[in-house]
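**Student:** let me see the structure of the following:
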Amino acid sequence: METIPKSDCVKVGFVQKPHGIHGELVIRFEEQYYETLEECPTLFLEIDNLLVPFFISEEGLRFKSGEAVITNLEWIDSDKKAKAICGLSVFVAQEDVIEFEDEMSPNALVGYQLFDETLGLIGEITEVNDFSGNVLLSVVYQGKEAMVPLNEDLIVRLDEDLREIELQIPEGLFNLDDE
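**Tutor:** Residues are numbered from 1 along each chain as shown. Have a look, this model is predicted:
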């Protein structure tokens, strides 16, 4: 069995659970490795303190969120085999890691103050949801939870030091007349 030294790899997450009955797996990972996983052909699972390579099948990866992915690994083709590797740590080769560029992950916006260019302060962003590439920010506005779409074209201002983001929020999203 071929292995790779741990010193040549980076832990990115773990196998959380099976998905379905044909060997698909849910892998939880740290959000900073999102781009790495998109491009990486091989994952290493830690089995008996050794890193064993597993190739991602042709179907590739289906991202559920910024921190979870569904995948098929070659040789894992049944629910029984998938259950057997649950809980194992997942690594990638150090050379395959894609460093974050200046681009900020939407999940980093949790805790930021959200402003609208017309209404002013809306509230603190409590959660970021990614629904198949449609990013929605959860915020409590006037005592009610609201989901605000996030799109690069809507960003008016982003201040990382002050932890503030100002958006051009679509008209009517915060209808004040229906209270």
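
**Student:** secondary structure class for V140?
**Tutor:** Put simply, V140 is strand when judged by DSSP: H, G, I helix; E, B strand; the rest coil.

**Student:** can you give me the buried ones in stretch 32-41?
**Tutor:** For stretch 32-41, burial by neighbour count (16 or more other Cβ atoms under 10 Å) applies to Q32, Y33, Y34, T36, L37, C40. Yep, even glycine has a C-beta here, placed from its N, CA and C like the rest.

**Student:** residues in contact with that stretch: which ones?
**Tutor:** Contacts to stretch 32-41, defined as Cβ atoms under 8 Å, 6 or more residues apart in numbering, come from residues 10, 12-13, 29, 55-56, 61, 63, 66, 69, 92-93, 96-98, 100, 105.

**Student:** whichever of these end up buried, select them in ChimeraX.
**Tutor:** Per 16+ other Cβ under 10 Å, the buried members of the contacts of stretch 32-41 correspond to this ChimeraX selection:
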select :10,12,13,29,56,61,63,66,69,92,93,96,97
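
**Student:** just the C-alphas of the strand ranked longest in the chain, formatted as CSV.
**Tutor:** The strand spanning the most residues in the chain, taking DSSP state E as the definition, is strand 50-65. Provided in CSV are the C-alpha atoms of strand 50-65 (Å, rounded to 0.1, in the frame of the first residue of the first chain):
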residue,chain,number,x,y,z
LEU,A,50,-0.7,6.3,7.6
LEU,A,51,-1.9,8.5,4.7
VAL,A,52,-3.5,6.4,2.0
PRO,A,53,-4.3,8.0,-1.4
PHE,A,54,-7.9,7.9,-2.7
PHE,A,55,-8.8,9.2,-6.1
ILE,A,56,-11.9,11.3,-6.6
SER,A,57,-14.2,9.5,-9.1
GLU,A,58,-15.2,11.1,-12.5
GLU,A,59,-18.3,12.6,-11.0
GLY,A,60,-16.1,14.9,-9.0
LEU,A,61,-17.3,16.9,-6.0
ARG,A,62,-20.7,18.4,-5.2
PHE,A,63,-20.3,21.3,-2.8
LYS,A,64,-23.2,21.4,-0.2
SER,A,65,-21.9,24.5,1.4
